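Enquirer: could you look at this predicted model? Sequence included:
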Amino acid sequence: MDIRTGDLDDERVLRLLNDHLEDCFATSPAESVHALDVSGLQTPDVTFWTIADAGEVVGCVALRELDPEHGELKSMRTDASVRGRGLGARLLEHVLAESRRRGYRRVSLETGPQEFFAPARALYAKYGFEPTGPFGAYRLDPHSVFMKLELPAG
């Protein structure tokens, strides 16, 4: 498995992101979908990575800098064909290592409360993420679950 900076012009990446957006819009009202499209992932405050298996892009994740001590996990997705193989955990570990390297004190995320997102919420909880309130520009929304992980200083 190889994690590297993702190419947002790669058709395989675009398919993965399109699948992610389709699932988000299929499970949440449009006004409650906060997943980033390609243009949202191309901003200077966002770093985007992919994970590949034998050269095939099978997952992605992004990290948005909210401020010098606070990052937001975005666009975490693994292809349905590889779910259950621990790739989501590898992507999350990569983001957390990068967050520590950058000196972040907190990593936050927004996901859905629907059953579709239960495996993601369980993964985040396994890594120590806890429920929290809205952060950044988010507002309280019954279709959103907010989670945070406090990182030790140093």
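Expert: Alright, I've got the coordinates.

Enquirer: strands along this structure, start to end?
Expert: 2-5, 46-53, 56-67, 70-78, 106-111, 130-132, 145-150 (DSSP state E).

Enquirer: could you dump the ones you listed to CSV with mean neighbour count and mean pLDDT?
Expert: Just so you know, the C-beta spots here come from the backbone N, C-alpha and C atoms, and that holds for glycine as well. Putting the strands of the chain into CSV (neighbours: other CB atoms under 10 Å; pLDDT from 0 to 100) gives the following:
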stretch, mean neighbour count, mean pLDDT
strand 2-5, 12, 94
strand 46-53, 19, 96
strand 56-67, 20, 96
strand 70-78, 23, 96
strand 106-111, 22, 98
strand 130-132, 12, 98
strand 145-150, 19, 98
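
Enquirer: right, and those strands - which one's nearest residue 98?
Expert: strand 56-67 (6.1 Å; CB to CB).

Enquirer: before we move on, the earlier item: mind putting the strands of the chain into a markdown table with distance to residue 18?
Expert: Converted to a markdown table, the strands of the chain look like this (distance: least, CB to CB, whole Å):
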| stretch | distance to residue 18 |
| --- | --- |
| strand 2-5 | 20 |
| strand 46-53 | 14 |
| strand 56-67 | 12 |
| strand 70-78 | 10 |
| strand 106-111 | 19 |
| strand 130-132 | 29 |
| strand 145-150 | 23 |
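
Enquirer: looking at those strands, spot the one closest to residue 15.
Expert: strand 56-67 (8.3 Å).

Enquirer: hmm, back to that, residue 35: which of the strands of the chain is closest?
Expert: strand 70-78 (6.4 Å).

Enquirer: okay, now the sheet partners of that closest one, with direction.
Expert: Take DSSP bridges as the rule and strand 70-78 pairs in its sheet with strand 56-67 (antiparallel), strand 106-111 (parallel).

Enquirer: what about that strand, distance to the chain center?
Expert: Its chain's C-alpha centre and that of strand 70-78 lie 2 Å apart, by CA atoms, centre = their mean, to the nearest Å.

Enquirer: who's in contact with that strand?
Expert: Strand 70-78 is contacted by residues 16-17, 19-20, 35-36, 41, 46, 48, 51, 58-66, 87-88, 91-92, 95, 99, 102, 104-110, 120, 135-136 when judged by CB atoms under 8 Å, 6 or more residues apart in numbering.
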